[in-house]
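[1] The sequence and its predicted three-dimensional model are supplied below.
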Amino acid sequence: MADGAPIKIELKGVTKIFGPTPAKVLPMVEAGASKDEVLEQTGHTVGLRDVSLQIAQGQTFVVMGLSGSGKSTLIRHLNRLIDPTAGQVLVDGEDIMGLGERALTDFRRARMAMVFQRFGLFPHRTVIENVSFGLDLRASGRAAREESRAKAREWVATVGLDGSSASALPARSPWTPTSCSWTRPSARSTP
Ligand SMILES: Nc1ncnc2c1ncn2[C@@H]1O[C@H](COP(=O)(O)OP(=O)(O)OP(=O)(O)O)[C@@H](O)[C@H]1O
Ligand SMILES: [Mg+2]
């Protein structure tokens, strides 16, 4: 990542509470109640608590944590599969909660893609084809599709997957992608 690269993605104080009345439970979470206390007293689940981060253009950003710690919940905020209970999600400085239905569709089609894990994979597409799916949607013509496949191969190689596993269908590959998400480089960006 080049020094001084612009911030692509920013989370500011994002909290996500799952349950029927999350706004009512928010003050308790903000006051520091534990996940167990919140669940026991309200039946709500704290998915994320006050998460702030910045991801610069070109940066590889890895989120690690125990099962149930909120990795998938966090990633789903980046394309608004999940809306935050509190806080902001900014992409290229824009609060994506402000996107209307049409703008959100364009955003998902052109600027953000996500590779799901296991049951969310297309069983009839190879691992590489699953990874490149978001880019393929935009690719018109053979050259563009080749480019998106090359990009997918590059990222798959980055996580150490060899060629034959990447070319297999997910069910036949010893490796299947876990959820990941990325923004598309803009025209002026470096990949
Ligand atoms: N739709 C939902 N409704 C209620 N609770 C949810 C929902 N999605 C996630 N949770 C809860 O939010 C917390 C974070 O879950 P999440 O799936 O984000 O964890 P994770 O870090 O991705 O785990 P894993 O490593 O198992 O994939 C967990 O307690 C989970 O049970
Ligand atoms: Mg997960």
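    Done, it's in. Ligands and ions are numbered 1, 2, ... in the order given.

[2] Skipping its backbone neighbours, what lies nearest Leu135 in space?
    Ser148 (3.4 Å; C-beta to C-beta, 6 or more residues apart in numbering). Glycine gets a C-beta too; all of them are placed from N, C-alpha and C.

[3] Sorry, slip of the keys, the one I care about is Arg49.
    The spatial neighbour of Arg49 that comes closest, neighbours along the chain excluded (C-beta to C-beta, 6+ apart), is Thr15 at 5.5 Å.

[4] any idea how far the one you found lies from ligand 1?
    Look at Thr15 and ligand 1: by C-beta to the nearest ligand atom, to the nearest Å, they are 12 Å apart.

[5] one step back: let me see the contact set for the residue nearest to Leu135.
    Ser148 sits next to 132, 135-136, 138-139 when contact means C-beta atoms under 8 Å, 6 or more residues apart in numbering.

[6] Show me which positions of whichever strand or helix holds it end up buried.
    Take DSSP states H and E as the rule and Ser148 turns out to sit in helix 142-158. Within helix 142-158, the residues that qualify as buried by neighbour count (16 or more other C-beta atoms under 10 Å) are 148-149, 151-153, 155-156.

[7] Next one, pLDDT for Met33 please.
    If you look again at residue 33, you'll see it is Ala, not Met. At Ala33 the predicted local distance difference test score is 98.

[8] quick one, what contacts it?
    Applying C-beta under 8 Å, 6+ apart, the residues contacting Ala33 are Gln41.

[9] how much space between it and ligand 2?
    23 Å (C-beta to the ion, to the nearest Å).

[10] I'd guess that residue is in a strand, am I close?
    No: assessed by DSSP: H, G, I helix; E, B strand; the rest coil, Ala33 does not belong to a strand; its assignment is coil.

[11] how close does the residue nearest to Ser132 when sequence neighbours are not counted sit to ligand 2?
    Counting by C-beta to C-beta, 6+ apart, Ser132 lies nearest to Ala152, which is 3.5 Å off, once chain neighbours are set aside. Distance from Ala152 to ligand 2, counting by C-beta to the ion: 21 Å.

[12] any idea which element the residue sitting furthest away from the middle of the chain lies in?
    The C-alpha centroid of the chain is most remote from Gln41, which lies 30.7 Å away (C-alpha atoms, centre = their mean). Gln41 is located in helix 35-42, with elements delineated by DSSP H and E.

[13] got the contact list for Lys12?
    Listed by C-beta under 8 Å, 6+ apart, the contact set of Lys12 reads 52, 87-90.

[14] just Pro27 next, same as before
    No residues are in contact with Pro27 under the rule C-beta under 8 Å, 6+ apart.

[15] Centre of the chain to the helix or strand harbouring it, how far?
    With the criterion set as DSSP H and E, the secondary-structure element containing Pro27 is helix 22-30. Distance of helix 22-30 from the chain centroid (C-alpha atoms, centre = their mean, to the nearest Å) equals 25 Å.
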